[in-house]
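# Quick one, what's the 3D model for this:
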Amino acid sequence: MSHMEFSHPYFGVFVMFILTFTAFILTVYLARVISRKIARLNTEKLKVSLYECGPEVTKQPNTISVQFYLMALLFILFDIEIIFMFPWAINFQILGWFGFVEMILFILLLTIGFIYAWKKGALEWHSIK
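Residues are numbered from 1 along each chain as shown. The predicted structure is shown next:
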């Protein structure tokens, strides 16, 4: 008996998946190479020039406050952790004491993370200067 069996019913689907993935990667790479070759790189003066009227354009750095990023990251983190509690609540009677102890440990770990973020000042909103 050989280790290579090509008679699996989903073998063709797997091969098509690999071929499609390879074609997608090659297409994206080819599009990137072609677009970089034909793109005009001397349009910076056009982007900052005046259009009809208005104040003169000054180039300003696009900076986003770290506080926005940190708040979004903490929101997503705690939101997903709350979502993990729904299946536990639905199957609470089936899980019994084992499920209860695991959820208490999970909530304890969340609380430790929350207190750590609070002590590090991640939840304080600093004024933007």
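
# low-scoring pLDDT stretches of this protein, where are they?
Regions of the chain meeting the criterion pLDDT under 70 cover residues 1-6, 42-60, 126-129.

# where do the helices sit along it?
11-38, 44-47, 66-83, 85-90, 92-119 (DSSP state H).

# want to throw the ones you listed into TSV with distance to residue 125 and mean neighbour count?
Every C-beta, even on glycine, is put in place using the N, C-alpha and C of the backbone. What follows is the helices of the chain, written out as TSV (distance: least, C-beta to C-beta, whole Å; neighbours: other C-beta atoms under 10 Å):
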stretch	distance to residue 125	mean neighbour count
helix 11-38	39	10
helix 44-47	34	8
helix 66-83	6	12
helix 85-90	27	11
helix 92-119	13	11
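
# Centre of the chain to stretch 77-87, how far?
17 Å (C-alpha atoms, centre = their mean, to the nearest Å).

# which residues are in contact with that stretch?
The contact list for stretch 77-87 (C-beta atoms under 8 Å, 6 or more residues apart in numbering) reads 103, 106, 110, 113, 114.

# gap between the fourth one and residue 122?
Between residue 113 and residue 122 the distance is 10 Å, computed by C-beta to C-beta, to the nearest Å.

# and what of the first one?
Separation of residue 103 from residue 122 (C-beta to C-beta) stands at 25 Å.

# Overlap in contacts, residue 113 and residue 122.
With the criterion set as C-beta under 8 Å, 6+ apart, the contacts of residue 113 and residue 122 do not overlap.

# Quick check: the gap between residue 124 and residue 71.
Residue 124 is 10 Å from residue 71, by C-beta to C-beta.
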